[in-house]
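> can't give you the sequence, but here's the structure:
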């Protein structure tokens, strides 16, 4: 590596200090630039709730929230995510009170083996926000309108970045619908 | 993944300077394609210059009715932008039909333009691929080539460009603004990507020291009547077999203006100029739509597994134009 390093001050190779703000706690790490956010969370911080599935952005098991938006942490280099607010599945509950989506997933059998569940829940949390802000999806009929019906077609399209190999989709859609209805009624 | 040296640029000049001064360097933005390619050892840069700190994340209305999209505007934000949704719906739809919500939150406008092909043989380092390793041959020619090109391909490469966004940009006559060493220039979108010819390793006409700063959409009032249709193997989260981006203006039954581009069929977003010539000034009916589609696909060549794309492209063009003609500008 060192022979390809220009030696300039601008570049950092080998390991670099990386400060990550995760679930409200600051973590000071020393990482190679190639370490993904997913590996930083699991291997360096010890937060193993976020799962590694395909490691190529196809399955969504690694979904986390960054500044309340969902991303695939497998594609994210940790060094790029300093000074951002990162939330993992470990950070969505309020002390011992489960997040509404966590409770709904249990209530509606939104999983079988549970491996995709942290990603599904983080993804659904961000999806609620996108929906509330009036963001359209590929199945939104009237693109220019911001009042969009929270239909099953919308849920399925908006959650298509999260695969469940057990095929618990019926329960997942039901859980999301239930949590959304509860929140809307509140 | 091979390790690399990392630097974060705060302005375009520094970014350009860093890429010129360092061997085997690449710009890094959302990382949704580059990080994946690095993990597969297809891309092996020694230096990554992170440009996500540059102030290029704005969508701005331009005097005269156009819109400027900063290179770092993320795909999800662009698709949800109210101006784009109202004036250029084809662009919102194209973006929303690409990838997943998670990826659209990371991927940027500039990064989307720089996407590399999803050809299986390009991704398989055990296969021969002139794009990955010039001069080794192309295993797609005689291989499983269902997803490959039917227009503008060469004997060296039949890969397709995977972007949906770029197909909409091609239909909208966008221009790409770039900055290099002391020079700024604009590249029309249809000249940004290139056909493979005998140098398929070069995807675009961007120079090695050039950085995309923005994409400009011209004022195009009739683009309010525009749409994107994508035909694929799954209903969501799959690359296009064939896609069509179109904008249409019909006045008193006659086609006054039309823009048409195809995705999934060529090494670059394919602007259907032959079809446009047939359509412009003609009576807007199914017969002329069919004739225009056939005219555009006349030059098409299918391979063992993808000949179906020729008829699929024709039918998709006709279907999109029929939809736009029946909606007549009021969406």
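Structure received. The structure displayed is predicted, hence computed values, not measured ones. Numbering: from 1, shown residues only, chains lettered A, B, ... in the order given.
> dump the residue contacts of the closest residue to chain A within the stretch 51-200 of chain B.
Across the stretch 51-200 of chain B, the shortest distance to chain A (Cβ to the nearest Cβ) belongs to residue B:100, at 2.6 Å. For every residue, glycine as well, the C-beta is placed using N, CA and C. Residues in contact with residue B:100 (Cβ atoms under 8 Å, 6 or more residues apart in numbering or on different chains) are A:57, A:60, A:72, A:160-162, B:237.
> Mind checking which of the residues you listed are in strands?
Among the contacts of residue B:100, DSSP state E puts residue A:72 in strands.
> Now do the contacts for the closest residue to residue B:144 other than its chain neighbours.
Closest residue to residue B:144 apart from its sequence neighbours, by Cβ to Cβ, 6 or more residues apart in numbering or on different chains: residue B:305 at 6.0 Å. Neighbouring residues of residue B:305 by Cβ under 8 Å, 6+ apart: B:144-146, B:148.
> Identify each buried residue in the lowest-mean-pLDDT helix or strand in chain A, please.
Least confident helix or strand of chain A, by mean pLDDT, DSSP states H and E, is helix A:169-185 with a mean of 93. By 16 or more other Cβ atoms under 10 Å in any protein chain shown, the buried positions in helix A:169-185 come out as A:169, A:171-180.
> where along the chain do the strands fall?
Just going to use chain A. A:16-22, A:25-31, A:63-66, A:69-72, A:85-87.
> switch to chain B, that's the one I care about
Along chain B, counting by DSSP E, strands occupy B:5-8, B:25-28, B:47-50, B:59-61, B:67-70, B:175-179, B:184-188, B:211-217, B:226-231, B:242-251, B:254-263, B:270-271.
> Can you tell me which of those strands is nearest to residue A:46?
strand B:5-8 (23.9 Å; Cβ to Cβ).
> Are stretch A:88-95 and chain B in contact anywhere?
No. Using Cβ under 8 Å from any Cβ of the partner chain, we find that stretch A:88-95 stays clear of chain B, coming within 14.1 Å at best.
> measure that stretch end to end?
Terminal residues of stretch A:88-95 are spaced 14 Å apart (Cα to Cα, to the nearest Å).
> Now do the buried residues in that stretch.
A:88-92.
> Quick one: mean pLDDT for it?
Stretch A:88-95 comes out with an average pLDDT of 96.
> which residues touch that stretch?
By Cβ under 8 Å, 6+ apart, stretch A:88-95 touches A:22-24, A:41, A:47, A:49-50, A:64-65, A:99, A:101-102, A:118, A:121-122, A:125.
> Filter those residues down to the ones in helices?
A:101-102, A:118, A:121-122, A:125 (DSSP state H).
> Please produce a markdown table containing the buried residues of helix A:169-185, extended by distance to residue B:269.
Below are these laid out as a markdown table (distance: Cβ to Cβ, whole Å):
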| residue | distance to residue B:269 |
| --- | --- |
| A:169 | 33 |
| A:171 | 40 |
| A:172 | 35 |
| A:173 | 35 |
| A:174 | 40 |
| A:175 | 39 |
| A:176 | 35 |
| A:177 | 38 |
| A:178 | 42 |
| A:179 | 40 |
| A:180 | 37 |
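> Just the closest of the residues you listed to chain B, please.
residue A:169 (12.4 Å).
> quick one: contacts for the closest residue to chain B within chain A?
The shortest separation between chain A and chain B is 2.6 Å, found at residue A:161 (distances taken as Cβ to the nearest Cβ). Listed by Cβ under 8 Å, 6+ apart, the contact partners of residue A:161 are A:60, A:63, A:72, A:123, B:99-103, B:237.
> Apart from its chain neighbours, what residue comes closest to it?
In this structure, residue A:161 finds its nearest non-sequential neighbour in residue B:100, 2.6 Å apart by Cβ to Cβ, 6+ apart.
> Tell me the most packed of the contacts of residue A:161, by neighbour count.
residue A:72 (35 neighbours; other Cβ atoms under 10 Å in any protein chain shown).
> Enumerate every residue touching the residue of the stretch 201-331 of chain B found nearest chain A.
At 3.7 Å from chain A, residue B:236 is the closest residue in the stretch 201-331 of chain B, using Cβ to the nearest Cβ. Listed by Cβ under 8 Å, 6+ apart, the contact set of residue B:236 reads A:138, A:156-157, A:160.
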